[in-house]
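>>> Predicted model follows, preceded by the sequence.
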Amino acid sequence: MATNEKVDVVVVGAGASGSVYAAVLAKQGKKVVVLEQGPDWQLSDLISSDIWGRRVKPAGGPFILEGKHPVSYGYQAGWGVGGAALHYFANFPRLLPNDFRIKSEHNRAHDWPILYEDVAPYYDKVARDIGVSGDAKAEEIWRPAGEPYPMPAMKTFRNGQVWLKGFEAVGIRMVPAAVGMNSTEYKGRPACIYDGWCHVGCPIGALANPIVTYLADARKSGAEVRPWSAVTRILTNPEGTRVTGVEYYDQKREPQAQPASVVVLAAWAAQNPRILLNSATDKHPKGLANSSGLVGKYMMTHFISGTLAIFDEDVENHMGTTGAQYMSYDRYGKTSHKEGFGSSFIVAGFALKTNDLGGIANARLDLFGADLHEFMKRAKRGLTRIGTFGEELPNIENRIELVSDKDEFGMPLAKIIHNYDKDAESVWNANFEEGLRIAKATGAKDVWSARGNMPTIHLMGGTIMGTEAGNSVVNSYGQTHEIPNLYVAGPGIFATSGASNPTYTIFALSLRGAEQLAASWGTVTD
């Protein structure tokens, strides 16, 4: 195995969380290498096409999916530099104060070891760093005040505006969606042109993806991004007290060792536990940072209840962004639904394309042939939808385990076992019922629920944060309890899932963790 020159930090993964660590530490003068298993995408590679966009979705060894509600990860994950944030919807809602204290307030789930007030300054910092558009003042009906967003809210279109009458009728307040997109030029990046192709990557850089934000900053400060580098193990010293680097396979499928003073594990939420479990040694027989047995446990997702409507008018459904024009926390209280426990987060106004996951053709999966053709003629200008994300509470049985089958590098594959509980199913159904009440109040010609198998959106957990090694894998900064120079980043460290889209919180927690690592470098690396 070839051994590379030792660096200060090796970051595993070039997505949202890894890019933040790379930028912060490179700016501090640390020698940083970022290892990414896929290609090194550039803006010039991105093409506004659903067919082409499949290239930026996951590749590599598959996860085996088990359980009553198997995790669907292809659309929500990424492959290559930028990770899932290369092609995300860039909805940037926050977690709210009630997300951090569920155990204390309701005797359910977990408390986070930090409060909203600990994270809020980093939401504001991220907004300044990468650009967020929205109306922070309007959000104060639900959350504590913070800094104004650096850009005004995005433009709205008829596919969002037609829903406002329905929301008002049922007493739900809507505000402009906070998004990681440019409503105006920002830091040399152009404003959005509202063509609705965010989900396959933004070739002009108006979307705040890592390659034009934190990763660009990291590279300017000297960080090396090494694509086609598949990490299989984290290496430790003989005593098992410190990590010493990682093992990976390069594009030629040759094994390499990358020594480092600090390892930041910032791969996908399912891949991080897989790597930790595969890094078992005689000193860590259950895997690294896993004396509690909690690595790979408490996997969580969001579920979504979609409601669709067709209007006689042209609602400009090809225009806007793939994310949302409006959002609401009016159902975010944990007991908002008498049917079940957990938060819901509501969004409205999405650009629709002809096919792919959220496309017009998939709005009626029951139709074929001439019936589908007739529907498409009606829907191509009149179809629009809303969605309500629901919170899944942490369940230790929702987990990742290694299996005997191996990938092309000899690394064991893993299975993800996932089932929703009765609370999740009840909230999911309640959100469908409310969605139909909203839709009917709009005066739309036809309304229906986009009901199928209960979906899984946004994978979180598996390396949760907590107060000590007995109840968690990492502390609030992402530093593992058992090995001080091993950090974990990304949504895997969430203690609970909330109901709002996670990427803004991923950026904020990663910035908080990276700054803590930089500030305590001497003690971490001693």
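Structure's in. What do you need?

>>> where do the helices sit along the protein?
Using DSSP state H, the helices of the chain run over residues 16-27, 50-53, 102-106, 116-130, 136-139, 158-161, 164-169, 214-220, 271-278, 369-382, 422-440, 503-519, 521-525.

>>> between the ones you listed, which gets nearest to residue 466?
helix 102-106 (10.8 Å; CB to CB). (Glycine included, C-beta is placed from N, CA and C.)

>>> Tell me the helices and strands packed up against that closest one.
Contacts defined by 3 or more CB pairs under 8 Å, 6 or more residues apart in numbering; DSSP states H and E place helix 102-106 against no helix or strand at all.

>>> Flag every buried residue along it.
For helix 102-106, burial by neighbour count (16 or more other CB atoms under 10 Å) applies to residue 102.

>>> ok, residues contacting that helix?
For helix 102-106, the external contacting residues (CB atoms under 8 Å, 6 or more residues apart in numbering) are 98, 108, 109, 110, 111, 334, 335, 341, 393, 496.

>>> Residue 496 is in contact with the third one, correct?
Read that as residue 109. Yes: applying CB atoms under 8 Å as the test, residue 109 and residue 496 come out as touching, 5.2 Å apart.

>>> Angles on the backbone of residue 96, please.
Phi and psi for residue 96, reported as degrees, to the nearest 10, are phi -110, psi 170.

>>> Please identify every residue contacting each of residue 109 and residue 496.
The contact sets of residue 109 and residue 496 overlap at 102, 393, 394 (CB under 8 Å, 6+ apart).

>>> any idea how far residue 108 is from the first one?
By that I understand residue 102. Look at residue 102 and residue 108: by CB to CB, to the nearest Å, they are 5 Å apart.

>>> What of the second one?
Separation of residue 393 from residue 108 (CB to CB): 6 Å.

>>> Neighbour count: these two, which is higher?
A count of neighbours by other CB atoms under 10 Å puts residue 393 above the other of residue 393 and residue 108, at 22 against 14.

>>> Return the residues in contact with the closest residue to that one other than its chain neighbours.
Using CB to CB, 6 or more residues apart in numbering and skipping residues adjacent in sequence, the residue nearest residue 393 is residue 109, 4.8 Å away. By CB under 8 Å, 6+ apart, the contact list for residue 109 reads 102, 103, 393, 394, 495, 496.

>>> hmm, 10 Å instead?
Residue 109 is in contact with 99, 101-103, 298, 300, 334, 341-342, 391-395, 495-497, counting by CB atoms under 10 Å, 6 or more residues apart in numbering.

>>> which ones among these are found in strands?
300, 391 (DSSP state E).

>>> In ChimeraX, how would I select the buried members of the contacts of residue 109?
Applying 16+ other CB under 10 Å to the contacts of residue 109, the buried members can be selected in ChimeraX as follows:
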select :99,101,102,298,300,334,341,342,391,392,393,394,395,495,496,497
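
>>> Kindly state the pLDDT recorded for residue 61?
You'll see residue 61 listed with a pLDDT of 66.

>>> now swap in the one 3 residues further on and tell me
Looking at residue 64, its pLDDT stands at 94.

>>> Show me the beta-bridge partners of it.
Beta-bridge pairing of residue 64 under DSSP bridges involves residue 415.

>>> Just give me the neighbour total for it.
15.

>>> ok, it - contacts?
For residue 64, the contacting residues are 70, 400, 401, 403, 405, 413, 414, 415, 416, 417, by CB under 10 Å, 6+ apart.

>>> For it, give its distance to residue 84.
Distance from residue 64 to residue 84, by CB to CB: 20 Å.

>>> And residue 251, by the same measure?
Distance check for residue 251 against residue 84: by CB to CB, it reads 22 Å.

>>> Also residue 510?
In terms of CB to CB, residue 510 sits 14 Å off from residue 84.

>>> Who has more neighbours out of those two?
Neighbour count, other CB under 10 Å: between residue 510 and residue 84, residue 510 has more, with 30 against 27.

>>> Which residues are in contact with that one?
Residue 510 makes contacts with 15-21, 23-24, 122, 126, 214, 264, 266, 477-478, 487, 489-490, 493, as judged by CB under 10 Å, 6+ apart.

>>> circling back to that earlier point, what residues are shared contacts of residue 510 and residue 84?
Listed as contacting both residue 510 and residue 84 by CB under 10 Å, 6+ apart are 15, 16, 490.

>>> so what's the first one closest to, chain neighbours aside?
Yep, that's residue 15 we're talking about. In space, and not counting its chain neighbours, residue 15 is closest to residue 83: 2.2 Å by CB to CB, 6+ apart.
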